[in-house]
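just coords:
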């Protein structure tokens, strides 16, 4: 007897490798002890929130007696919070972003789903460079869309513009990028985004309707080499940004993010109103009141990036010792090395035998590689050194 829809049954069959490995890690830690398991599976920020978050919470505790302290608000979020985010985003993008163009959401994932619900018709296609965050396929599929992954250049993970150009069809509705990237740590240059914008402009004109560029940017602050992270708003008119404060403020479980619409879009109000409507009818109703209030008083805070930088360097040393090829991540907190054997799933099994948990590249639409997250204690990274080497030598 089938109790769930065929679509969800299919989703379960393709269920996230990230969660599978994370759950396997919980069982292994019970059996072998946490210090003897090296879990690099889940990008769950382990740094405590910055001090400003605690101050914001204390401030809120003194205001709990006021009416509707945590009640409903406009579906787009508190006006003061939208204004605060718009101000920060204006500095980041190098242009004035009206607060009306910002919609507070349940994390970046909520923002992406809100956007796709507002613009996708069944059968519409979304182009995305691979490797990509595995949930993207589900987010597009939620609303009858189809994700069209396009393989990036091996090892460097730069955009393959010829392949992207050929991926456009009359059904293409959007291109989804993530920079700094999960899982590769790649940051797309201004020149590369200009090339992408030119391709998209040409195909938009050919299609007779805008093709949106959706930029997923929760890792924007994690920029280890201080390279330019260009403003997509200045490069392409029909651009939209989804982001969150999950990593910057270590608030992944608080679910606070936003969707921002480029003010250059004609009739942007239609898109904004559509997204506010979908924010409501998808059941989010509004972004969490508590998290919005925290953000209002801590938006300029950040976790210590140097800690992540030190961990990145330690992880590189571990991979060097094992003889594993990789591109040094310029942002985010992931490595996406090349598997020493063609079958990345087989290599993951060899790692598991050494109590190392990683995620196969096939789970990110890019077989032959694997993902490691370094938002873990540096001792976990350093102590995994011999385990990685043994797994490689075994194969």
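Cool, got the structure. Quick caveat, the model's predicted, so the values are computed rather than measured.

C-alpha only now, for contacts and for neighbours.
Will do.

Break this structure down into its domains, please.
For the chain, the structural domains run 6-49+303-394, 53-296, going by automatic domain parsing.

how far does the longest one stretch from start to finish?
End-to-end distance of domain 53-296 (CA to CA, to the nearest Å): 10 Å.

Could you check how far residue 331 is from residue 309?
For residue 331 relative to residue 309 (CA to CA), the value is 9 Å.

Let me fix that, I meant to ask about residue 269.
Distance of residue 269 to residue 309, given as CA to CA: 41 Å.

Then residue 244?
Distance, residue 244 to residue 309, by CA to CA: 21 Å.

again with residue 368
With CA to CA as the criterion, residue 368 and residue 309 are 26 Å apart.

related to what we said a few turns ago, among residue 331 and residue 309, which residue is more densely surrounded?
Higher neighbour count among residue 331 and residue 309: residue 331, with 27 against 20, using other CA atoms under 10 Å.

Worst mean pLDDT among the domains of the chain?
Looking over those, mean pLDDT reaches its minimum on domain 6-49+303-394, with a mean of 91.

End to end on that domain, go ahead and measure it.
End-to-end for domain 6-49+303-394, by CA to CA: 41 Å.

Could you do stretch 57-76 as well?
With CA to CA, one end of stretch 57-76 sits 22 Å from the other.

Just the residues contacting that stretch, thanks.
Contacts with stretch 57-76, where a contact means CA atoms under 8 Å, 6 or more residues apart in numbering, come from 102-105, 276-277, 279-280, 285-287, 289-290, 293-294.

just stretch 136-152 next, same as before
So stretch 136-152 is contacted by 11, 112-113, 116-117, 120-131, 158-160, 163-164, 167, 365-366 (CA under 8 Å, 6+ apart).

Also stretch 38-53?
18-19, 21-22, 25, 246-247, 249-252, 294-295, 297-298, 301-303, 333-334, 355-359, 371-377, 380-381, 384.

Among those, which lie within strands?
334, 356, 357, 359, 371, 372, 373 (DSSP state E).

From those, keep the buried residues only.
Neighbour counting by 16 or more other CA atoms under 10 Å classes 334, 356, 357, 359, 371, 372, 373 among these as buried.

Which two of these have the greatest separation?
Longest distance between any two of these is 15.2 Å, between 334 and 356; criterion CA to CA.

Residue 332 reaches residue 180, doesn't it?
Yes - counting by CA atoms under 8 Å, residue 332 does reach residue 180; the two are 5.7 Å apart.

between the two, which one's more packed in?
A direct count of neighbours by other CA under 10 Å for residue 332 and residue 180 places residue 332 higher, at 31 against 25.

May I have the residues that are in contact with the more buried one?
Each residue near residue 332 by CA under 8 Å, 6+ apart is listed here: 180, 181, 182, 185, 219, 220, 222, 223.

do residue 125 as well
Counting by CA under 8 Å, 6+ apart, residue 125 has contacts 145, 146, 147, 148, 171, 172, 173, 174.

And for residue 28?
Counting by CA under 8 Å, 6+ apart, residue 28 has contacts 37, 355.

That one belongs to a helix?
Yes - counting by DSSP: H, G, I helix; E, B strand; the rest coil, residue 28 is found in a helix.

how close does it sit to residue 43?
Per CA to CA, residue 28 is found 18 Å from residue 43.

cool, residue 388 as well?
From residue 388 to residue 43 the distance is 20 Å (CA to CA).

for residue 25, same thing?
For residue 25, the distance to residue 43 equals 13 Å [CA to CA].

Dump the contacts of residue 125 to JSON lines, plus secondary structure, neighbour count and distance to residue 318.
Converted to JSON lines, those look like this (DSSP: H, G, I helix; E, B strand; the rest coil; neighbours: other CA atoms under 10 Å; distance: CA to CA, whole Å):
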{"residue": "145", "secondary structure": "coil", "neighbour count": "23", "distance to residue 318": "40"}
{"residue": "146", "secondary structure": "strand", "neighbour count": "22", "distance to residue 318": "38"}
{"residue": "147", "secondary structure": "strand", "neighbour count": "22", "distance to residue 318": "35"}
{"residue": "148", "secondary structure": "strand", "neighbour count": "20", "distance to residue 318": "34"}
{"residue": "171", "secondary structure": "coil", "neighbour count": "16", "distance to residue 318": "45"}
{"residue": "172", "secondary structure": "strand", "neighbour count": "24", "distance to residue 318": "42"}
{"residue": "173", "secondary structure": "strand", "neighbour count": "25", "distance to residue 318": "42"}
{"residue": "174", "secondary structure": "strand", "neighbour count": "25", "distance to residue 318": "39"}
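
Can you tell me which of those residues lies closest to residue 198?
residue 174 (14.2 Å).

Is the closest one bridged to anything, and to what?
On the basis of DSSP bridges, residue 174 is bridged to residue 126, residue 212.

so it touches residue 126, yeah?
Yes - with contacts counted by CA under 8 Å, residue 174 reaches residue 126, the gap being 4.9 Å.

quick revisit: show me the common contact partners of residue 332 and residue 180, please.
Shared contacts of residue 332 and residue 180 (CA under 8 Å, 6+ apart): 219, 220, 222, 223.

Return the residues in contact with the third one.
Right, residue 222. Residue 222 neighbours (CA under 8 Å, 6+ apart): 180, 305, 331, 332, 333.

Could you point out the helix or strand that follows the helix or strand harbouring residue 240?
Using DSSP states H and E, residue 240 sits within strand 239-244. Note on strand 239-244: by DSSP H and E, the next helix or strand toward the C-terminus is strand 257-261.

That following strand pairs with which strands, and in what direction?
strand 102-105 (antiparallel), strand 239-244 (antiparallel).

Determine which stretch of those strands is the most buried.
Ranked by mean neighbour count under mean count of other CA atoms under 10 Å, the strands paired with strand 257-261 are led by strand 102-105, which reaches a mean of 30.
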